[in-house]
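Engineer: Need coordinates for the below:
(chains A and B)
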Amino acid sequence: NAGVTQTPKFRVLKTGQSMTLLCAQDMNHEYMYWYRQDPGMGLRLIHYSVGEGTTAKGEVPDGYNVSRLKKQNFLLGLESAAPSQTSVYFCASRRDNTEAFFGQGTRLTVV
Amino acid sequence: KQEVTQIPAALSVPEGENLVLNCSFTDSAIYNLQWFRQDPGKGLTSLLLIQSSQREQTSGRLNASLDKSSGRSTLYIAASQPGDSATYLCAVSDLTGGGNKLTFGTGTQLKVEL
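Structural biologist: Residues are numbered from 1 along each chain as shown, chains lettered A, B, ... in the order given. As a prediction, the model looks like this:
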């Protein structure tokens, strides 16, 4: 049972480049989340989804887009990367209001 | 807006000591509260989940309590070991937006010394 898998694990981007982070879960969970973690700031919610085909904005959505075309996948896109988006990105999933499971993170550096 | 605070930000204890980590939240209308552990450079590992109707949950040497009315939770670690060294995070799932979101505290960094 793989749980929550994030791809890639590391990435370096140049300012202005675009990329997509993939989150895949094999637990048939309805809810999926994208967070970013920065020193001293804790985990902040970027976007989330409560089911296939749905997305909603979190606390810090600017500069990011998401899609949930399949229940098991939640994609996070950066259209034009900025140095301020250097961070560690975490994906999580859960079934309704139950225990949340996290991926191992993607460390992104924008230069 | 829900705000979650964890005190202290860092804690260092000798091996074998019992310790308590604190988590407080501003909006008591929550579905549940979850405690996580995060090792350096790793993802979050779920430790305990307490539903709003529960007062405590136990797993091995860990015991988490919840006082929803006062907006507080504690994580009690018995007989601490060096392997317990990590950052501990609490997160609440509240009624804002239908209970769909998890709001995190900034964590307590624990070091257990030999």
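Engineer: ok, how many other residues are close to B:Thr5?
Structural biologist: Residues near B:Thr5, counting by other C-beta atoms under 10 Å in any protein chain shown, number 15. No exception for glycine: its C-beta is placed from N, CA and C like everyone else's.
Engineer: isn't it right up against B:Arg72?
Structural biologist: No. The criterion here is C-beta atoms under 8 Å, and B:Thr5 misses it with B:Arg72 at 10.0 Å.
Engineer: what residues are shared contacts of those two?
Structural biologist: Counting by C-beta atoms under 8 Å, 6 or more residues apart in numbering or on different chains, the shared contacts of B:Thr5 and B:Arg72 are B:23-25.
Engineer: how near is A:Ser93 to chain B?
Structural biologist: For A:Ser93, the distance to chain B equals 11 Å [C-beta to the nearest C-beta, to the nearest Å].
Engineer: count of neighbours near that residue?
Structural biologist: Using other C-beta under 10 Å, A:Ser93 has 25 neighbouring residues.
Engineer: State the number of residues packed around B:Thr26.
Structural biologist: 13.
Engineer: Find me whatever residue is spatially closest to it, sequence neighbours aside.
Structural biologist: Using C-beta to C-beta, 6 or more residues apart in numbering or on different chains and skipping the chain neighbours, the partner closest in space to B:Thr26 is B:Glu3 (4.6 Å).
Engineer: same deal with B:Ile77?
Structural biologist: B:Leu19 (5.2 Å).
Engineer: can you list the residues of chain B near chain A?
Structural biologist: B:31-32, B:34, B:36, B:42-46, B:49, B:89, B:91, B:93, B:97-107 (C-beta under 8 Å from any C-beta of the partner chain).
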